[in-house]
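[1] requesting a structural model of the entry that follows:
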Amino acid sequence: MKIERVQGTVFHYLTSRSVDSAGHSHPGPEKRANMAMITITADDGSKGYAFGPPEVVRPHILEAFARKVLIGQDPFDRERLWQDLVHWQRGSAGQLTDRALAVIEQALWDLAGRALNTPVYKLLGAFRDKVPAYGSTMCGDELKGGLSTPDEYAAFAVKLVERGYKAIKLHTWMPPVSFAPSVAMDIKACAAVREAVGPDVALMLDGYHWYSRSDALTIGRALERLNFAWFEEMMNEQSIASYAWLANQLDIPIVGPESISGKHHSRADWVQAGACDILRAGVPGVGGITPTMKVAALADAFGMNCEVHGNGAANLAVTAAIKNCEWYERGLLHPFLDYDVPPAYLRSLPDAMDADGFVHLSQQPGLGEDIDFDYIAASTVESY
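    Prediction:
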């Protein structure tokens, strides 16, 4: 089997999510947005698909890198192909980002699963076929009835528990919210949620990304009193020393790194430095399923959990394939949005959750996304 075609398709769909000036998601009026789908086709007709933002998988990325590496190659040689793509990141002036690399590599995994009539999580070495999910909120806002006060966070947390979640992660207020960042407001929100849901629901905090050491320590000590399960991305992750300092000051587990570059290599540096208690990686952020599995194995070798960052079919597949991940991150959630309604280009959610808070893995071949190809064809704005 040889790869004969790599194609990009940009299509539009309706969404009620908007992005603020700092890049954080919030509810907004329904509008048209674009999504890109990468299709890799082999000479026997097998195909694999993956989705990503059009600005990430631009036509030039496919022409200059993906086609150069993939055309004529065996799609099952994923490790070699991924390494060859990584090689092209050097000297690409940042064009072939890890997020672009991840979309291309996901399509290879999807092709393999579809060709073998097997779910990707089983190709990875399935550990389980259902995973507990935590409800991951959107960042705080200034929308009345939304997530604008500690009491609104508490009320929403109660609804999430009623929905079936056994764990909740708060993303609190960040600029451009007028009063953010605020150590006091973050602590008040965490305290309000703990009081509302009681002692048996696991709670986590993903705070403002650029708090100082002293502010992060103040919040961390408050979280310890509130019996939170972990504390995440509260400082600039480029400073490993700051995270090592904080981890040595607190008993609450520190999770990281989330957004730093460097794939599994930088995560190894964090482990060596003692900068985290739980390792962090997500498929889009580290360049694919392959490096995410490398991070999970690294964590396992040191007796650490690896909590997979973000939602989506690829992250779910990894979460189900490894033992040392406690939760699947489901979100981002907000009182004004219904997460359980799939986007128009999918016929069903890849991470549907039952009333007990478990996400069951799709048994469809590949990544398990039930793609509405007719919708995409009717909504296509560009092919390349």
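
[2] any low-confidence regions in the stretch 101-250 of the chain?
    Scanning the stretch 101-250 of the chain for pLDDT under 70 picks out no residues.

[3] ranges for the strands of it?
    Ranges of strands within the stretch 101-250 of the chain are 130-137, 167-171, 202-206, 230-232, based on DSSP state E, counting those that start in this stretch.

[4] let's have those strands in TSV, adding distance to A50 and mean neighbour count.
    Using the backbone N, CA and C atoms, a C-beta is placed for each residue, glycine as well. Shown next, in TSV, are these (distance: least, Cβ to Cβ, whole Å; neighbours: other Cβ atoms under 10 Å):
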stretch	distance to A50	mean neighbour count
strand 130-137	21	22
strand 167-171	26	25
strand 202-206	26	23
strand 230-232	26	24
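
[5] including distance to S16, could these go into JSON lines?
    Listed next are those as JSON lines, based on distance: least, Cβ to Cβ, whole Å:
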{"stretch": "strand 130-137", "distance to S16": "16"}
{"stretch": "strand 167-171", "distance to S16": "18"}
{"stretch": "strand 202-206", "distance to S16": "22"}
{"stretch": "strand 230-232", "distance to S16": "26"}
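
[6] so which of those strands comes closest to L160?
    Between L160 and the strands of the stretch 101-250 of the chain, the tightest spacing by Cβ to Cβ is seen for strand 130-137, at 4.2 Å.

[7] relative to K323, which of the strands of the stretch 101-250 of the chain is closest?
    strand 130-137 (11.3 Å).

[8] partner strands of that closest one, with direction?
    Strand 130-137 has the following sheet partners, assigned by DSSP bridges: strand 167-171 (parallel), strand 328-333 (parallel), strand 358-360 (antiparallel).

[9] so which of these is nearest N227?
    When the strands paired with strand 130-137 are compared (using Cβ to Cβ), the closest one is strand 167-171, at 12.5 Å.

[10] report the distance from the closest one to the chain centre.
    Offset of strand 167-171 from its chain centre (Cα atoms, centre = their mean, to the nearest Å): 14 Å.

[11] report the angle between it and strand 202-206.
    If you take axes from the mean of the first three to the mean of the last three Cα atoms, to 10 degrees, strand 167-171 sits at 20 degrees to strand 202-206.

[12] who's in contact with G366?
    By Cβ atoms under 8 Å, 6 or more residues apart in numbering, the contact set of G366 is 48-49, 109-114, 119-120.

[13] pretty sure P350 contacts N315?
    No: the criterion here is Cβ atoms under 8 Å, and P350 misses it with N315 at 9.8 Å.

[14] these two: which is more packed in?
    Per other Cβ atoms under 10 Å, whichever of P350 and N315 has more neighbours is N315, with 24 against 21.

[15] that one: which element?
    Assigned by DSSP states H and E, N315 belongs to helix 313-321.

[16] helices and strands around that helix, which ones?
    For helix 313-321, the elements it packs on are helix 98-116, helix 120-123, strand 130-137, helix 283-286, helix 289-301, strand 306-308, strand 328-333, judged by 3 or more Cβ pairs under 8 Å, 6 or more residues apart in numbering; DSSP states H and E.

[17] which one of these is the most hemmed in?
    Comparing those by mean neighbour count (mean count of other Cβ atoms under 10 Å), strand 306-308 ranks first with a mean of 28.

[18] tell me the strands beside that strand, with direction?
    Strands that pair with strand 306-308, judged by DSSP bridges, come out as strand 278-281 (parallel).

[19] can you pull out the helices in the stretch 151-300 of the chain?
    Per DSSP state H, counting those that start in this stretch, the stretch 151-300 of the chain carries helices over the ranges 183-197, 213-225, 240-249, 263-273, 283-286, 289-301.

[20] share the number of residues neighbouring P27, please.
    16.

[21] quick one: closest of the helices and strands packed on helix 313-321 to K31.
    strand 328-333 (17.3 Å).

[22] how distant is that closest one from the center of its chain?
    Per Cα atoms, centre = their mean, the centroid offset for strand 328-333 relative to its chain is 8 Å.

[23] may I have that strand as CSV, with CA atoms only?
    Taking Å, rounded to 0.1, in the frame of the first residue of the first chain, the C-alpha atoms of strand 328-333 are listed here in CSV:
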residue,chain,number,x,y,z
TYR,A,328,-10.6,12.6,29.8
GLU,A,329,-11.0,16.4,29.5
ARG,A,330,-14.5,17.1,28.1
GLY,A,331,-15.2,20.7,27.1
LEU,A,332,-15.0,23.5,27.0
LEU,A,333,-18.3,23.9,28.8
